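**Student:** My questions are about this predicted structure, shown below with the sequence.
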Amino acid sequence: MTYSLAIHGGAGTLLKENMTPEQEAAYHDALARALEAGEAILRESGSAMDAVEAAVCALENEPLFNAGRGAVYTSEGTQEMDAAVMDGRDRRAGSVAGVFGPKNPVKLARAVMERTEHVTLIGPNALEIARKAGLEFGDRDYFFTQSRWDALQETLAMRARGEVSDDPARRHGTVGAVARDVGGNIAAATSTGGMTAKAPGRVGDTPMIGAGTFADNATCAVSATGHGEVFIRWNAAGEIAARMRHAGEDLATAADHVVLQDLAPNDGSGGVIAVDGAGNIAMPFNSQGMYRGSVRQGSAPETNIY
Ligand code: ASP
């Protein structure tokens, strides 16, 4: 069996005319590094779970993306991160919501899966698990990015003027990875800072199993990015798997249906990356762009924005 890996760095209003060639190159390079981090594991016959964790860690460490180091700010100027992992072998899953501290929230999600009997943890006990697992912590300076801070000020100023131009596509971003390993197992991981100027305590789709993250060898592994509230209400990731399981749809048909027919008409801008048990990849989105990349055993890695 051959391996495949797909990653995303968020979807939204990504217009070529708003991007300098240097910015474009920086995104492509960052995506390529994350693909390589995941592929290095798959190449050595490592597990899909290890590969998606490594790819997401690389994206979390990159201030360009809204996760880990580059996380966006809440309306109060704090940062609250959500992350999840799911293993397609046995549907084991772990997630955290609203955490600040661990440099790689995806590692904490995995620690919840492996070290506790629960699926989702929040609050001080989630951080306690991170400490027990020996995870690295960062402070406010580590997580500070000027562009995210400026984005918060702009959004707050717009709100103060009573402008509802809160185009959700402008405010989001997330990172994720899905993989199939040479053993035929699949896994998904997603990590996010959420949406700029979100209310403190707001939890998005990312850590909700079946909404922003899902994996089951029998169908597919999915990592979503987009307007989280809508992805939750449409049970986006789980619905793709359900269409495959119950309606017999193939991966591309099921993923397209959910992204284009269910989410798009209902204010659910964004997209998903998905891989099925046979290693096929689908990456549909209904926004102008989605930072994404994929690689299959025996082919060269590809990264795209628009
Ligand atoms: N889905 C994420 C959230 O709602 C944001 C994003 O993917 O852009 O928290």
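**Tutor:** On my side now, so go ahead.

**Student:** what about the chain, any weak spots by pLDDT?
**Tutor:** Applying pLDDT under 70 to the chain flags residues 164-172.

**Student:** Send me the longest helix along it as CSV with only the CA atoms.
**Tutor:** Longest helix in the chain by number of residues (criterion: DSSP state H): helix 21-43. C-alpha atoms of helix 21-43 as CSV (Å, rounded to 0.1, in the frame of the first residue of the first chain):
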residue,chain,number,x,y,z
PRO,A,21,5.2,37.4,-4.7
GLU,A,22,7.3,37.3,-1.5
GLN,A,23,4.2,36.6,0.6
GLU,A,24,3.1,33.9,-1.8
ALA,A,25,6.5,32.3,-1.7
ALA,A,26,6.6,32.3,2.1
TYR,A,27,3.2,30.5,2.2
HIS,A,28,4.4,27.9,-0.4
ASP,A,29,7.6,27.3,1.5
ALA,A,30,5.8,26.9,4.8
LEU,A,31,3.4,24.5,3.3
ALA,A,32,6.2,22.5,1.7
ARG,A,33,8.1,22.3,5.0
ALA,A,34,5.0,20.9,6.7
LEU,A,35,4.4,18.4,3.9
GLU,A,36,8.0,17.3,4.3
ALA,A,37,7.7,16.9,8.1
GLY,A,38,4.7,14.6,7.6
GLU,A,39,6.0,12.7,4.6
ALA,A,40,9.4,12.0,6.3
ILE,A,41,7.4,9.9,8.7
LEU,A,42,5.3,8.1,6.1
ARG,A,43,8.3,7.4,4.0
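
**Student:** So which elements touch that helix?
**Tutor:** strand 4-12, helix 48-60, strand 175-180, strand 289-296, strand 302-304 (3 or more C-beta pairs under 8 Å, 6 or more residues apart in numbering; DSSP states H and E). No exception for glycine: its C-beta is placed from N, CA and C like everyone else's.

**Student:** which residues in this protein form strands?
**Tutor:** 4-12, 81-87, 92-99, 120-122, 175-180, 186-192, 213-215, 220-226, 270-276, 281-282, 289-296, 302-304 (DSSP state E).

**Student:** any chance of the ones you listed in a markdown table, with distance to the ligand too?
**Tutor:** Below are the strands of the chain laid out as a markdown table (distance: least, C-beta to the nearest ligand atom, whole Å):
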| stretch | distance to the ligand |
| --- | --- |
| strand 4-12 | 5 |
| strand 81-87 | 6 |
| strand 92-99 | 10 |
| strand 120-122 | 15 |
| strand 175-180 | 8 |
| strand 186-192 | 5 |
| strand 213-215 | 10 |
| strand 220-226 | 3 |
| strand 270-276 | 6 |
| strand 281-282 | 17 |
| strand 289-296 | 10 |
| strand 302-304 | 17 |
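
**Student:** For I129, which of those is the nearest?
**Tutor:** Proximity to I129 (C-beta to C-beta) singles out strand 120-122 among the strands of the chain, at 6.5 Å.

**Student:** What about the residue nearest to T192 when sequence neighbours are not counted, how many residues nearby?
**Tutor:** Spatial nearest neighbour of T192, excluding adjacent residues (C-beta to C-beta, 6 or more residues apart in numbering): T174 at 3.8 Å. Look at T174: counted by other C-beta atoms under 10 Å, it has 33 neighbours.

**Student:** Export the strands of the chain to CSV and append columns for mean neighbour count and distance to R69.
**Tutor:** Listed next are the strands of the chain as CSV, based on neighbours: other C-beta atoms under 10 Å; distance: least, C-beta to C-beta, whole Å:
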stretch, mean neighbour count, distance to R69
strand 4-12, 28, 13
strand 81-87, 31, 10
strand 92-99, 24, 14
strand 120-122, 20, 21
strand 175-180, 34, 11
strand 186-192, 34, 11
strand 213-215, 33, 20
strand 220-226, 34, 17
strand 270-276, 30, 21
strand 281-282, 23, 27
strand 289-296, 24, 16
strand 302-304, 16, 20
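
**Student:** Reformat these as a markdown table; add distance to F65.
**Tutor:** Shown next, in a markdown table, are the strands of the chain (distance: least, C-beta to C-beta, whole Å):
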| stretch | distance to F65 |
| --- | --- |
| strand 4-12 | 5 |
| strand 81-87 | 12 |
| strand 92-99 | 17 |
| strand 120-122 | 23 |
| strand 175-180 | 5 |
| strand 186-192 | 9 |
| strand 213-215 | 16 |
| strand 220-226 | 10 |
| strand 270-276 | 14 |
| strand 281-282 | 20 |
| strand 289-296 | 7 |
| strand 302-304 | 13 |
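
**Student:** Now do the contacts for Q297.
**Tutor:** Q297 makes contact with 2-4, 42-43, 182 under the criterion C-beta atoms under 8 Å, 6 or more residues apart in numbering.
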